[in-house]
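1. I'd like to go over a predicted model; first the sequence, then the structure.
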Protein chains: 2
Amino acid sequence: MRRVQVYDTTLRDGAQREGISFSLEDKVKITRKLDDLGVDFIEGGWPGANPKDTEFFEKARGIKLGHAMLVAFGSTKKAGTPPEKDASLRALLGAGTKAVAVVGKASGPQVTQVLETSLEENLRMVSESISYLKAKGLLVLYDAEHFFDGFKANPDYSLAVVRAAAGAGAACVVLCDTNGGSLPDEIAQAVQATRESVPVSVGIHAHNDGDLAVANTLAAVRAGADHVQGTINGYGERCGNANLCSILPDLKLKMGIDCIAEAQMARLTETSRYVSELANIIPDSHLPYVGASAFAHKGGLHVSGVMKWGDSYQHIDPSLVGNRARVVVSELSGKQNIVYKAKEKGLPLPPDPQQAQRILDRIKELESRGFQYEGAEASFEVLLRRARPDYKAPFDLVDFMIIVEGRRRMPSAGGSQEVLAEATVKVKVGSKIMHTAAEGAGPVNALDKALRKALIEFYPNLVAIKLVDYKVRILDESSGTGAYVRVLIESTDGEENWRTVGSSANIIEASWLALVDSLEYWLIKQEERQKP
Amino acid sequence: MRRVQVYDTTLRDGAQREGISFSLEDKVKITRKLDDLGVDFIEGGWPGANPKDTEFFEKARGIKLGHAMLVAFGSTKKAGTPPEKDASLRALLGAGTKAVAVVGKASGPQVTQVLETSLEENLRMVSESISYLKAKGLLVLYDAEHFFDGFKANPDYSLAVVRAAAGAGAACVVLCDTNGGSLPDEIAQAVQATRESVPVSVGIHAHNDGDLAVANTLAAVRAGADHVQGTINGYGERCGNANLCSILPDLKLKMGIDCIAEAQMARLTETSRYVSELANIIPDSHLPYVGASAFAHKGGLHVSGVMKWGDSYQHIDPSLVGNRARVVVSELSGKQNIVYKAKEKGLPLPPDPQQAQRILDRIKELESRGFQYEGAEASFEVLLRRARPDYKAPFDLVDFMIIVEGRRRMPSAGGSQEVLAEATVKVKVGSKIMHTAAEGAGPVNALDKALRKALIEFYPNLVAIKLVDYKVRILDESSGTGAYVRVLIESTDGEENWRTVGSSANIIEASWLALVDSLEYWLIKQEERQKP
């Protein structure tokens, strides 16, 4: 089975996406996760250009990787500077990795118009930089920046650059579609020409500006590239880099080209979500293969099709990539979907059809007031349980009050002065009523604290629960701040994550409902786990 | 110039995406918008299957379209039923459109295993349904469901189905990659075989399960398809449908294949955002061509490259699709980015370098406390203006207080009982202090109302401003409800939209800061407009 090398650049090119800023600790965690996934190379950053990246490579010397090789990224030397005196090359050497990637222009117009140097000087910059690093015993990859646009404008020059790189000792010439606008056929043709020009490995680095990054990567592999670059979830500047979470299963499961092992492929979904968590980017549920909706069925036709023949509406078995099929509970759902969903959770609906109908009616009523269970399966489960005649809630709410006060003058530009938030909460557990008060950083925090203060007396291990994400959505935009507000909360106990929903015109009440569902869900589960 | 037909199915297949539920009014608005964009066909829905869609087609008789033809979608008749008695075909006729799309299986295994009928019966269902509708004077398109998977399993049968459809009078056979898992080469091969088998137009309907929907559509067009189907923003079930916002510019700007006119192409970005607004889905800023980040430059290297040569880091001129280039203000920004940004807004930084440095320091400090100006350009502008020595704020805040009270017992499952929210606000305009109070649906609404009550005395036209979107993000997940909270508010005065940001550990304070920025921004602009 033919195999391609996998090169991840989430930590360098992926971090160029708007809104991403990895901490040093994040970078270390992601490095380990990528190693577990089985990629061959992990590009850790650009030492010298960025103090955090320099520090990362220092720290990385202590990381033991199972398979992957850590790579430091940098540019070719400056025109006219001897390699040993060039700051960029020295920073690369300083990183202490066994492999380095050097980027240099492979496009005539870019050399003359942006780099503002001669075509010959650029060839020297590429080959001298590579020879120097190679002589230091490093494995050198050459990133041919703007290769495809250059190949269109002046193919001879772009090929001359990659020949110079290969001649100087680069182990791989990585062809970059830097502006991301090439078409698959253009990519295939240029890769083919490169393979005929250099005796070394040819790589592909695609961007998604034409919505073709994955297709361009596959086209390059078909044309003979044996090294693919990309990022987890396709993170990257503008429209992103080629998405490894799509490329790897496309290669292995559809094209029969090896890349990572089967057991590693089954970690793909988990890896995708892990990286999105650390990137602090809400996971895109519509991502191919790894998205929460990638194998979700909503239409009634599809659901009944899937019940007859599992693969009738899915292109692969989702477990191959560690994902799973699910049926969406939504306003379009018929009774069949809800019955299926309840079964999936081991919660058979009451056999009494009237009672089952009451649950459906209740769901419809709540949805009309802004509740949405698509992203809040724990609230859905709590709702089903509450409807059971034998259900006993672990606690009941009596009332609450919060006060937020900004007594001193607030500077309109920053608001650095403290604002007070205080909550009082009354809850009932069994026959006992607890009345507590707490201050908090904000009103939801104050409520959360006051509620836990009351409950922890009865349920001490509630301390383990943390809030992971908190999303707010205004439902009817035309009503401004008076509209219904939907709050989605994601919680974790360190092992499992679950999501709950609350909806109200009052953001505090909506948050409160989601918070209560979250604690109630966990207490129910906890109780079940403790049963013999 | 070769031309392909464009068929939009946002209102039918697009609406299958989780979370989308178009109102009747939304559907009418989107129909007009798509007509303006210049698509040839607009699939409005599935009459009969869904009461809202039936109602839509009734209402649609009153809509005058400039170019597009409205299409009703439905399935082929049931096995054994005569066409004139079939409920699905009658619903299609009842829609009153000039064109209809009928979907029927074009895959042997799907016919026998899911439809549970014979291969011959399915051929009859397809051809009799089409003949019947054609005889009623309708333009009939045939959606060949599961065509590509069927073609892999049993090419002869799949081709027999499309031949039957063409023979019965279908104007176009639309080949569907229903499960979305095909590769571009498979698509090209099957389209080629179909073209050799039928004398009618061949269409392509792709899904994105392999991250290849756009590439598969382009591959089909290269292989001779002359009709492309897709949705705005790629909305659709699971991983979505092929994205017309990528396909149209790929075809016209890169492949030289005509589809919509140049002036219409320049509306693409606006159309994308309009549909996402009505779908109530936050626009994906990383979408190719139409995303807010599609032509955004963050890295310092890229920014200086763009300054030298506009096209050095962009694959097309963004104005061709109605988008624009921009420089991202972020923690990675150097001074150069901020200077560029300020110039873009017509706000030169103070020539005094110390003063300019103070602004940069202030931005860095605010960013470290969770402010982020990437999505909040109005707050950035207010920040720059406040830094000018001659700036006079339209109002100053003195203090505020809010109370939220849930005195009566709240039912834990729904919380239908009212919760009180009340705010008091003290603001200063000139030398006058206004002290107001208001109740609201929630605390932010109460603050908003109290603040407007105070300001409207001085600025009566503030009534025009509405809140359009309100997003909340927890910044450091490990701190739970005590973490910094970033609030992004989008406001509109009916003509322009603008976004502001607030950040604090207190969600009320963060909302308040964003609210104040929003009103202050608009008042400044208003004042400038009124200057002679």
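-> Everything's here; your move. Numbers count the residues shown, from 1 in each chain, chains lettered A, B, ... in the order given.
2. just the pLDDT for the nearest residue to A:Gly104 once chain neighbours are set aside.
-> Once flanking residues are discounted, A:Gly104 sits nearest to A:Thr76: 3.7 Å by C-beta to C-beta, 6 or more residues apart in numbering or on different chains. For glycine as for every other residue, the C-beta is placed from the backbone atoms N, C-alpha and C. On pLDDT, A:Thr76 comes in at 96.
3. so A:Thr76 versus chain B, what's the distance?
-> According to C-beta to the nearest C-beta, to the nearest Å, A:Thr76 stands 13 Å off from chain B.
4. count the neighbours of that residue for me.
-> 27 (other C-beta atoms under 10 Å in any protein chain shown).
5. now do the contacts for it.
-> A:88, A:102-104, A:125-126, A:129-130 (C-beta atoms under 8 Å, 6 or more residues apart in numbering or on different chains).
6. go on, A:Phe395?
-> A:427-429, A:454-455, A:458, A:519-520, A:523.
7. that's a helix at A:Thr424, yeah?
-> No. Counting by DSSP: H, G, I helix; E, B strand; the rest coil, one finds A:Thr424 to be strand, located in no helix.
8. in this structure it contacts A:Glu439, no?
-> No. Between A:Thr424 and A:Glu439 no contact is recorded; they are 10.7 Å apart, counting by C-beta atoms under 8 Å.
9. pick out whichever of these two has more residues nearby.
-> Neighbour count, other C-beta under 10 Å: between A:Thr424 and A:Glu439, A:Thr424 has more, with 17 against 13.
10. not counting sequence-adjacent ones, nearest residue to the more buried one?
-> Distance criterion C-beta to C-beta, 6+ apart; nearest residue to A:Thr424, sequence neighbours excluded, is A:Ala437 at 4.5 Å.
11. just give me the neighbour total for that neighbour.
-> When neighbours are counted by other C-beta under 10 Å, A:Ala437 comes out with 14.
12. just say helix, strand or coil for it.
-> strand.
13. so how far is B:Gly80 from it?
-> Between A:Ala437 and B:Gly80 the distance is 71 Å, computed by C-beta to C-beta, to the nearest Å.
14. for chain B, see how far away the residue of chain A positioned farthest from its centre is.
-> Relative to the centre of chain A, the most outlying C-alpha is that of A:Ser431, 45.5 Å out, by C-alpha atoms, centre = their mean. A:Ser431 is 15 Å from chain B, where distance means C-beta to the nearest C-beta.
15. cool, A:Ala510 as well?
-> 8 Å.
16. which ones are touching that residue?
-> Per C-beta under 8 Å, 6+ apart, neighbours of A:Ala510: A:472, A:485-487, A:502-504.
17. which helices and strands sit right next to whichever strand or helix holds A:Glu121?
-> For A:Glu121, the enclosing helix or strand under DSSP states H and E is helix A:119-135. With contacts defined as 3 or more C-beta pairs under 8 Å, 6 or more residues apart in numbering or on different chains; DSSP states H and E, the packing partners of helix A:119-135 are helix A:87-94, strand A:99-105, strand A:139-145, helix A:155-167.
18. alpha carbons of that helix, as PDB, please.
-> Extracted C-alpha coordinates of helix A:119-135, given in PDB (Å, rounded to 0.1, in the frame of the first residue of the first chain):
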ATOM      1  CA  LEU A 119      16.000  36.000  -9.600                       C
ATOM      2  CA  GLU A 120      19.600  34.700  -9.300                       C
ATOM      3  CA  GLU A 121      20.100  36.100  -5.700                       C
ATOM      4  CA  ASN A 122      16.900  34.300  -4.600                       C
ATOM      5  CA  LEU A 123      18.300  31.000  -6.000                       C
ATOM      6  CA  ARG A 124      21.400  31.600  -3.900                       C
ATOM      7  CA  MET A 125      19.400  32.400  -0.800                       C
ATOM      8  CA  VAL A 126      17.500  29.200  -1.100                       C
ATOM      9  CA  SER A 127      20.400  26.900  -1.900                       C
ATOM     10  CA  GLU A 128      22.900  28.400   0.500                       C
ATOM     11  CA  SER A 129      20.400  28.400   3.400                       C
ATOM     12  CA  ILE A 130      19.600  24.700   2.800                       C
ATOM     13  CA  SER A 131      23.300  23.600   2.300                       C
ATOM     14  CA  TYR A 132      24.200  25.400   5.500                       C
ATOM     15  CA  LEU A 133      21.500  23.700   7.600                       C
ATOM     16  CA  LYS A 134      22.100  20.400   5.900                       C
ATOM     17  CA  ALA A 135      25.800  20.600   6.700                       C
END
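19. mind listing what's buried along stretch A:390-410?
-> Going by neighbour count (16 or more other C-beta atoms under 10 Å in any protein chain shown), the buried part of stretch A:390-410 is A:393-406, A:410.
20. got it, and stretch A:109-119?
-> A:109-111, A:114-115, A:117.
21. Throw the helices and strands packed on helix A:119-135 into a markdown table and include mean pLDDT and mean neighbour count, thanks.
-> Formatted as a markdown table, the helices and strands packed on helix A:119-135 follow (pLDDT from 0 to 100; neighbours: other C-beta atoms under 10 Å in any protein chain shown):
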| stretch | mean pLDDT | mean neighbour count |
| --- | --- | --- |
| helix A:87-94 | 95 | 20 |
| strand A:99-105 | 97 | 25 |
| strand A:139-145 | 98 | 26 |
| helix A:155-167 | 98 | 21 |
